[in-house]
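Chemist: coords please:
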Amino acid sequence: MDGKASILHADLDSFYASVEQRDSPALRGRPVLVGGGVVLAASYEAKRRGVRTPMNLREAKRLCPDAVVVPPRMEAYSQASKAVFEVFRDTTPLVDALSIDEAFLEVGGLQRLVGPPELIGHRLRRRIRTEVGLPITVGIARTKFLAKVASVSAKPDGLLLVPPDGELDFLHPLPVGRLWGVGAV
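Modeler: Down below sits the predicted model:
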């Protein structure tokens, strides 16, 4: 590690719900819940009303009665993920997948050819939006931990760079529960 912020954490926003909104224009801007008995994903319109995953669908509908409930389409999500990861791998060969909808990308070696990590992050977001039709948030920092926390802080559909000399200033005001890996226990 050279001490520069060169790790991107790219995380698709409300992935399953965003795919549903992308594929069905009538769902755009509306609260969408993906699931059956349990909410697997909620659009940001539903999240603003207090819906969370893995909430019971009945409780979610009580909080958001006008939500549209759609059954999961795993094949559509798999295809969207493949398209997103193609863009990731086209950006850098150093991709570390965390799940179907998020990954770390190391871009430090690209600076001379492509530009600084923040520019790479902006281009990545634009390509995912244009080529795949999905919103994505990117956090940039010098460690995976900080990049992940930055992406959570930048949601939805944002980009946040945590410069090495600003790490403590970024972390100190955050509630402890916002830190990656810190839960109720």
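Chemist: please make it C-alpha for all contacts and neighbour counts, starting now.
Modeler: Noted.
Chemist: let me see the contact set for the nearest residue to residue 36 once chain neighbours are set aside.
Modeler: Leaving out its chain neighbours, the residue that sits closest to residue 36 by CA to CA, 6 or more residues apart in numbering is residue 71, at 6.2 Å. Contacts here follow CA atoms under 8 Å, 6 or more residues apart in numbering; on that basis residue 71 touches 34-36.
Chemist: any of these buried? List them.
Modeler: 34-35 (16 or more other CA atoms under 10 Å).
Chemist: CSV for the contacts of residue 71, including pLDDT and distance to residue 154?
Modeler: Below are those laid out as CSV (pLDDT from 0 to 100; distance: CA to CA, whole Å):
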residue, pLDDT, distance to residue 154
34, 98, 23
35, 96, 26
36, 88, 29
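Chemist: and which of the contacts of residue 71 is nearest residue 122?
Modeler: Distance to residue 122, by CA to CA, is smallest for residue 34 among the contacts of residue 71, at 28.5 Å.
Chemist: where do the helices sit along this protein?
Modeler: With helices called from DSSP state H, the chain shows them at 15-23, 44-47, 57-63, 74-91, 117-127, 144-154, 167-171.
Chemist: between those helices, which one is nearest to residue 177?
Modeler: Here helix 144-154 is closest among these (CA to CA), at 10.6 Å.
Chemist: average pLDDT for the closest one?
Modeler: Per-region confidence: helix 144-154 scores 95 on mean pLDDT.
Chemist: give me the distance between the residue of the chain most remote from its centre and residue 120.
Modeler: Among the C-alpha atoms of the chain, the one most distant from their mean position (CA atoms, centre = their mean) is that of residue 112, at 26.9 Å. Distance of residue 112 to residue 120, given as CA to CA, to the nearest Å: 12 Å.
Chemist: again with residue 4
Modeler: Distance from residue 4 to residue 120, by CA to CA: 14 Å.
Chemist: so between these two, which is more surrounded?
Modeler: residue 120 (19 against 15; other CA atoms under 10 Å).
Chemist: all good on my end, thank you.
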